[in-house]
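Participant: sequence plus predicted model, see below.
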Amino acid sequence: MLIRFVTSNFMSIGNECEFNMLPAPLHSHQHHVYYNATKRIKILKGAAIYGANGAGKSNIIKAIHFLQTAVLSGEVIPNTSRLRYKLDSEVASRPIVFDVEFEWHRKFYGYHLEIYNDIIIEESLYELGFKNEDKLLFERRYNAHNQKISVELGGARVSNSQTRLLEKLLAANFLDNRKLLLNHHSMLNNSKISNAFEWFGAGLLILFPNSKFTGMAKSLSDSAKFSSFANNVITTFDTGVTQIGINNIPFDEFFGEEDPINKRKLIDHLNKTGQDIPIPLRDGSVVVASVDEYGNYVIKKPITYHKDSYNRNIMFDIIEESDGTQRLLDIIPAIDMYLNNGSTIIIDEVDESLHPSLLKAIMKKIMDSKPEDGGQFIVTTHESNLLDANIYRQDEIWFVEKHNGMTELYPLTDFSPRADLQLQKGYLMGRFGAIPFLADLRDLNW
């Protein structure tokens, strides 16, 4: 679960900007609050972030995604400094900073990363104690004077001499100015560090408006439970889709005789790793190279079925479906991860291509549900229909606004609105900010 995310000097975010999932002392929707008795901490189930176009909603999500990508790939991208805030030279001269606090498998962590001129100057991971003292798991620093990296490990289960030797080995041979220590978790002999790394992959899913869920084909073919769930959901939405399935296409048929080199590479990789390979296609869809139960090399392609006038199932490619149906097919696996994996799902522009009434029904169902292991569902949106006290608590609603070109983020609870206030009407009237400033259209001389 995501507890708190803080960043500064990243894109439109200049000064420190904080988003958190910590509840206010409210009495509504108590089932939206997870409580950990051991740590005595409460965490919210969901959130909706509102803001005008260009205010920086997506940049907050991009900041979280940047950190996730860096951790999973093991390094920060080249020319990261180009992502600094550009409208204030004093702010731009500071490091880009990320702080995230999260829970995974009942362990609580705080991870910190600072980047300056494309150099990681500080990286640390702590096990959070909340009421007790935090425990250092590791820390790495860059010394600008001697241009060397130092590493300190905490909580190691080996002797101090072995720990010191490992610290020197990591600093001298495995880390450079762009490589993250967290990605080297397997070398650190600490299950807590490996568990923290796992959250960035298995515990966090971020979808942008153009994102395609690459695991749909594998999930449909490997999991009867997911296949049943996905089919039940999509048929409920009245999209005309009567079934979702998989079409197994032999390699020779899919590639033909025009691409033998790429086909050979895929076969070698499948033989070597035994793992399926996602393949993005030019039309924006994603298929999976795999080996079927008979040992044949196949391409697994998600498909849909519609009933014709004779009540026969007719197969369609996903790309033939409407934008709204395709968006639903991308969101369904995310809902499954939220309900069953305890994952934190973040969807930017959740209202993209979806009818307001359908979106409202989906979000109401999601927020009323009881996920396994503390799933979270966080969205950015313009859809004011979701500003409904029957869907969200007041502390689950956030607003983004720009002041002097700088993104600022604040919760609805900062305004202490009455419990019976019509939130949608108040928002559209500008009571909470975070709406577009519309110049006089007559000035455009149309």
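Facilitator: Nice, I can see it.

Participant: rest of the way, CA atoms for contacts and neighbours
Facilitator: Noted.

Participant: for stretch 239-256, list the C-alpha coordinates in CSV.
Facilitator: The C-alpha trace of stretch 239-256 is given here as CSV (Å, rounded to 0.1, in the frame of the first residue of the first chain):
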residue,chain,number,x,y,z
THR,A,239,-20.5,-3.2,-24.7
GLY,A,240,-21.7,-5.9,-27.0
VAL,A,241,-18.8,-8.1,-26.0
THR,A,242,-20.1,-11.6,-25.1
GLN,A,243,-16.7,-13.2,-24.3
ILE,A,244,-13.0,-12.5,-24.0
GLY,A,245,-10.6,-15.2,-25.0
ILE,A,246,-7.2,-16.1,-26.5
ASN,A,247,-6.3,-16.9,-30.1
ASN,A,248,-3.2,-19.1,-30.3
ILE,A,249,-1.4,-18.3,-33.6
PRO,A,250,1.5,-20.6,-34.7
PHE,A,251,4.8,-18.7,-35.1
ASP,A,252,5.0,-19.6,-38.8
GLU,A,253,1.5,-18.2,-39.4
PHE,A,254,2.1,-15.0,-37.4
PHE,A,255,5.6,-14.1,-38.7
GLY,A,256,5.3,-15.7,-42.2
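
Participant: hmm, who's touching that stretch?
Facilitator: 217, 220-221, 227, 230-231, 234-235, 263, 296-307, 313, 325 (C-alpha atoms under 8 Å, 6 or more residues apart in numbering).

Participant: from those residues, which land in strands?
Facilitator: Using DSSP state E, the subset of those located in strands is Y297, V298, I299, K300, K301, P302, I303, T304, Y305, H306, K307, N313.

Participant: which of the residues you listed count as buried?
Facilitator: Y297, V298, I299, K300, K301, P302, I303, T304, Y305, H306 (16 or more other C-alpha atoms under 10 Å).

Participant: check the last one and give its pLDDT.
Facilitator: Translated: H306. For H306, the pLDDT comes out at 95.

Participant: CSV for the buried ones among the ones in strands among the contacts of stretch 239-256, including distance to S93?
Facilitator: Shown next, in CSV, are those (distance: C-alpha to C-alpha, whole Å):
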residue, distance to S93
Y297, 53
V298, 52
I299, 49
K300, 49
K301, 48
P302, 48
I303, 50
T304, 52
Y305, 55
H306, 57
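
Participant: and the residues you listed, which two are the farthest apart?
Facilitator: Y297 and H306 (27.9 Å; C-alpha to C-alpha).

Participant: can you give me the domain assignment for the chain?
Facilitator: Using automatic domain parsing, the domains assigned to the chain come out as 1-203+341-446, 212-331.

Participant: highest mean neighbour count out of the ones you listed?
Facilitator: Burial of the domains of the chain is given as mean neighbour count (mean count of other C-alpha atoms under 10 Å); domain 1-203+341-446 ranks first at a mean of 18.

Participant: tell me the average confidence for that domain?
Facilitator: For domain 1-203+341-446, mean pLDDT rounds to 88.

Participant: so how far is it from its chain's centroid?
Facilitator: Relative to the centre of its chain, domain 1-203+341-446 is centred 9 Å away, using C-alpha atoms, centre = their mean, to the nearest Å.

Participant: can you give me the helices in the stretch 201-350 of the chain?
Facilitator: For the stretch 201-350 of the chain, the helices defined by DSSP state H, counting those that start in this stretch cover 216-222, 224-236, 251-255, 260-273, 323-340.

Participant: ok, and what's touching the fourth one?
Facilitator: When contacts are taken as C-alpha under 8 Å, 6+ apart, the neighbours of helix 260-273 outside the stretch itself are F251, F255, D276, I277, A289, S290, V291, Y297.

Participant: list the contacts of the fifth one.
Facilitator: Residues in contact with A289 (C-alpha under 8 Å, 6+ apart) are L266, D276, I277, P278, I279, Y297, V298, I299, K300.

Participant: just to revisit the earlier point, check the helices of the stretch 201-350 of the chain for me: which has the lowest mean pLDDT.
Facilitator: Across those, the lowest-scoring stretch is helix 216-222, with a mean of 81.

Participant: what helices or strands is that one leaning on?
Facilitator: The contact analysis (3 or more C-alpha pairs under 8 Å, 6 or more residues apart in numbering; DSSP states H and E) places helix 216-222 against helix 224-236, strand 243-250, strand 286-291, strand 297-307.

Participant: which among the ones you listed is found nearest to N173?
Facilitator: Closest approach to N173 among the helices and strands packed on helix 216-222 (C-alpha to C-alpha): strand 286-291, 35.6 Å.

Participant: export the helices and strands packed on helix 216-222 to TSV and tack on distance to S73?
Facilitator: Below are the helices and strands packed on helix 216-222 laid out as TSV (distance: least, C-alpha to C-alpha, whole Å):
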stretch	distance to S73
helix 224-236	28
strand 243-250	30
strand 286-291	21
strand 297-307	26
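
Participant: how about the contacts made by the residue positioned nearest the centre of the chain?
Facilitator: By C-alpha atoms, centre = their mean, the mean C-alpha position of the chain lies nearest to I206, the distance being 2.5 Å. By C-alpha under 8 Å, 6+ apart, the contact set of I206 is I61, H65, I345, I346, I347, D348.
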